[in-house]
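Peer 1: The following comprises the amino acid sequence and a computationally predicted model.
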There are 2 protein chains.
Amino acid sequence: MRLHPSSHRLRHFVQQLAALLERQPAEPEILTQGSALLADLVAHDDWLPNDYAQPQPQYYQQNLLHADALGRFSVVSFVWGPGQSTPIHDHTVWGLIGLLRGAEVSQGYAQDALGRWVPSGAPVVLRPGQVEAVSPTVGDVHRVSNALADQPSISIHVYGANIGAVERSVFLEDGSRKPFVSGYSNTALPNIWDLSTEKNAALQAAAVVV
Amino acid sequence: MRLHPSSHRLRHFVQQLAALLERQPAEPEILTQGSALLADLVAHDDWLPNDYAQPQPQYYQQNLLHADALGRFSVVSFVWGPGQSTPIHDHTVWGLIGLLRGAEVSQGYAQDALGRWVPSGAPVVLRPGQVEAVSPTVGDVHRVSNALADQPSISIHVYGANIGAVERSVFLEDGSRKPFVSGYSNTALPNIWDLSTEKNAALQAAAVVV
Ligand SMILES: [Fe+3]
Ligand SMILES: [Fe+3]
Ligand SMILES: [Mg+2]
């Protein structure tokens, strides 16, 4: 696998998000400033390596791109085949969803008087470059679908945890709850940390000048 | 690529090292406690995926296994073909070397009165399970070689930086210095962050009990 020459975009995003979280801001600031960083990342669709952009016929794909060692955050590419969707689910931690390619619909859900899960509010359609937030504070239960019936869509998700270790819930429409931990589809992450080519080129250029 | 069932060992090491550094200890404590963690990791040779354990005929391999987003540390598998060795080099940051497989020789170097680099002290032979430290404080210039002429050796290196972004030096025996940034051989890192299988099994077991 070759990395895209634009893999610095993902590295810069991960670095800036880590720096933001390092300041331990309250959730509203994480959502606001994190959304701005994610909007910058998904404003360009030239950096996601193809290995992390492949839909599969049966299930949508969740490819981990970076995980913080202490579970402070994770970054995941969701790849939707035509017409694929999630069940109704929660997150239990803050999450940001940035649309990279195609289009996606997020429908919020709430429980009615009988405890059944029913759509709540208008569906949100995300287009390339747009970002949405979820969390127990701002609304945590939704169902997400590829808005396109005939082509794949890709969104970049960021969570305030290693989402591959978070116990959360799928909700059936009858009101019952099924606890689950979502897995990752990929066994290898992109190596975005090799700066030797650009730094050695700079060293050589400096040596020529001296 | 499949991950070894023992990939939790690498995850636990990365988590414990991150937690140690999070406390911002002074370097002597990093070297002492980090060495103990690394010794635990390399006490078992059942966890490194084969993709990160392959020697190449021409060069020794430096495979990134994990990088902290803020450059607080990186973990790298060095894979030595028979007889391969590094040039004389420094690190400029603290480093720990744990021997996983085979055997490795580290020879320290110091400058003589004429500025030439000459061997300093006895060579250190590392056997599986053993750990050595380097840093500008405890001795930073060495040459490392596979101690085995007929088989590969593998060591796990930990640095107090993303070593793929650190400007450091190779030293020629005549005393001259060549600045360089070492690259990584791999374009994909092992995904050690999927806990869904074990956590979902625990959820199912709990559901059966209830
Ligand atoms: Fe979601
Ligand atoms: Fe070294
Ligand atoms: Mg990290």
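Peer 2: Received it, and whenever you're ready, just let me know what you need. Ligands and ions are numbered 1, 2, ... in the order given.
Peer 1: how about the strands in chain A?
Peer 2: A:61-67, A:74-80, A:88-89, A:95-101, A:104-111, A:117-119, A:124-126, A:131-134, A:142-146, A:153-159, A:168-171, A:177-180, A:188-190 (DSSP state E).
Peer 1: Dump those strands to a markdown table, plus mean pLDDT.
Peer 2: Output for the strands of chain A, formatted as a markdown table (pLDDT from 0 to 100):
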| stretch | mean pLDDT |
| --- | --- |
| strand A:61-67 | 98 |
| strand A:74-80 | 98 |
| strand A:88-89 | 98 |
| strand A:95-101 | 98 |
| strand A:104-111 | 96 |
| strand A:117-119 | 95 |
| strand A:124-126 | 97 |
| strand A:131-134 | 97 |
| strand A:142-146 | 97 |
| strand A:153-159 | 98 |
| strand A:168-171 | 97 |
| strand A:177-180 | 95 |
| strand A:188-190 | 97 |
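Peer 1: Mind putting these into TSV with distance to ligand 3?
Peer 2: Where C-beta positions appear, they are placed from N, C-alpha and C, glycine not excepted. Output for the strands of chain A, formatted as TSV (distance: least, Cβ to the ion, whole Å):
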stretch	distance to ligand 3
strand A:61-67	7
strand A:74-80	10
strand A:88-89	26
strand A:95-101	18
strand A:104-111	27
strand A:117-119	35
strand A:124-126	27
strand A:131-134	22
strand A:142-146	26
strand A:153-159	14
strand A:168-171	22
strand A:177-180	25
strand A:188-190	12
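Peer 1: can you redo those as a markdown table with mean neighbour count and distance to B:Pro152?
Peer 2: Formatted as a markdown table, the strands of chain A follow (neighbours: other Cβ atoms under 10 Å in any protein chain shown; distance: least, Cβ to Cβ, whole Å):
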| stretch | mean neighbour count | distance to B:Pro152 |
| --- | --- | --- |
| strand A:61-67 | 24 | 29 |
| strand A:74-80 | 24 | 33 |
| strand A:88-89 | 20 | 46 |
| strand A:95-101 | 24 | 40 |
| strand A:104-111 | 18 | 47 |
| strand A:117-119 | 14 | 56 |
| strand A:124-126 | 17 | 48 |
| strand A:131-134 | 22 | 47 |
| strand A:142-146 | 22 | 46 |
| strand A:153-159 | 25 | 38 |
| strand A:168-171 | 17 | 43 |
| strand A:177-180 | 14 | 41 |
| strand A:188-190 | 23 | 21 |
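Peer 1: Redo those as a markdown table? Include distance to A:Pro49.
Peer 2: Output for the strands of chain A, formatted as a markdown table (distance: least, Cβ to Cβ, whole Å):
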| stretch | distance to A:Pro49 |
| --- | --- |
| strand A:61-67 | 9 |
| strand A:74-80 | 9 |
| strand A:88-89 | 27 |
| strand A:95-101 | 12 |
| strand A:104-111 | 20 |
| strand A:117-119 | 36 |
| strand A:124-126 | 22 |
| strand A:131-134 | 22 |
| strand A:142-146 | 21 |
| strand A:153-159 | 12 |
| strand A:168-171 | 28 |
| strand A:177-180 | 28 |
| strand A:188-190 | 5 |
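Peer 1: and of those strands, who's closest to B:Trp193?
Peer 2: With Cβ to Cβ as the measure, strand A:61-67 is the member of those nearest B:Trp193 (4.2 Å).
Peer 1: Contacts only, for the most centrally placed residue in chain A.
Peer 2: Geometric centre of chain A, nearest residue: A:His157, 0.8 Å, by Cα atoms, centre = their mean. Contacts for A:His157 (Cβ atoms under 8 Å, 6 or more residues apart in numbering or on different chains) come out as A:75-78, A:95-98, A:163.
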